[in-house]
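Chemist: Show me how the following folds:
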Amino acid sequence: MEYAIIGILILWVVYLYSKLNELKAELKQKPYTEPAQNQTDYKEFERKRLKEQQEYEIEKTLNPPSKKNSGNPNYDITQEELLQHMGNKIPPQFLRPKKDVEENDSIFYRKKVCITGSFSEFPVRAELAEYLWNLGADVDTQVGPTLDYLICGDGAGPSKCSKAEDQGVEVIEEDELIELLPNFKSKYL
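Modeler: Numbering: from 1, shown residues only. Below is the predicted model of the structure:
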């Protein structure tokens with residue numbers, strides 16, 4: 001009786017093994033095209049997720065939860081003080097070239113730009129950096145040999161300006177920038 005059960009189990013294992021081999025052979029013969037569609041869907045999902053994350057981080061930076069009268073002087077700041085402090089910082093996500101930007105006729109497309117100083121028409125430097133980034137610019141914080149444009153505002157760092165002039169980098173002042181970006185309107189004005 002025990003030998004009969006063992007024999008049946010062996011036959012069952014052999015049967016399952018043969019079915020497994022049939023399925024493997026069948027899978028090798030069929031072209032499998034689904035990952036390409038999934039990959040496209042994933043890229044679109046990832047692109048949308050990154051954009052939402054960037055918008056959230058900028059909004060969180062510029063409009064933090066109100067903590068006035070908290071008793072902690074580190075939190076008791078006004079919106080204007082926060083803009084003055086954070087307006088000069090460019091979020092790290094804009095310091096890498098955007099990969100999926102469509103080709104356009106902007107002079108900033110595929111050009112490396114550095115933003116320095118403060119601007120009356122562009123009070124938040126992160127907003128200007130995002131706009132240039134969406135045009136296809138590679139935004140940077142330092143002047144280097146690969147830089148194409150230095151965008152200078154009031155109180156621009158003298159070392160950046162002199163270094164840019166020494167390296168032959170084209171310097172764009174705020175009034176020229178306004179002419180180059182006629183469609184840009186800051187939401188903080």
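
Chemist: okay, and for this structure, where does confidence drop off?
Modeler: Scanning the chain for pLDDT under 70 picks out the ranges 1, 27-40, 60-88, 188-189.

Chemist: Could you rerun that using 50?
Modeler: 33-36, 69-70 (pLDDT under 50).

Chemist: the helices in it, which residues?
Modeler: Ranges of helices in the chain, per DSSP state H, are 2-29, 34-62, 79-86, 125-134, 158-166, 174-180.

Chemist: Of all the ones you listed, which one is nearest Gln142?
Modeler: Judged by CB to CB, the one of those that comes nearest to Gln142 is helix 158-166, at 8.0 Å. Placement of C-beta: from N, CA and C, glycine included.

Chemist: okay, that closest one in PDB with CA atoms only?
Modeler: Extracted in PDB, the C-alpha atoms of helix 158-166 (Å, rounded to 0.1, in the frame of the first residue of the first chain):
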ATOM      1  CA  PRO A 158      30.800  90.300  -7.300                       C
ATOM      2  CA  SER A 159      33.000  87.200  -7.500                       C
ATOM      3  CA  LYS A 160      30.400  85.400  -9.700                       C
ATOM      4  CA  CYS A 161      30.200  88.400 -12.100                       C
ATOM      5  CA  SER A 162      33.900  88.900 -12.400                       C
ATOM      6  CA  LYS A 163      34.500  85.200 -12.900                       C
ATOM      7  CA  ALA A 164      31.800  85.100 -15.600                       C
ATOM      8  CA  GLU A 165      33.400  88.000 -17.400                       C
ATOM      9  CA  ASP A 166      36.800  86.400 -17.200                       C
END
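
Chemist: Count the residues that sit near Lys19.
Modeler: Lys19 has 10 neighbouring residues, counting by other CB atoms under 10 Å.

Chemist: same question, Val124
Modeler: 23.

Chemist: Verify the stated contact: it with Ser186.
Modeler: Yes: in terms of CB atoms under 8 Å, Val124 counts as a neighbour of Ser186; the distance is 6.8 Å.

Chemist: coming back round to it: between the helices of the chain, which one is nearest to Glu102?
Modeler: Glu102 sits nearest to helix 125-134 of all the helices of the chain, at 10.0 Å, using CB to CB.

Chemist: Can you give me the buried ones in that closest one?
Modeler: Arg125, Ala126, Glu127, Leu128, Ala129, Glu130, Tyr131, Leu132, Trp133, Asn134 (16 or more other CB atoms under 10 Å).
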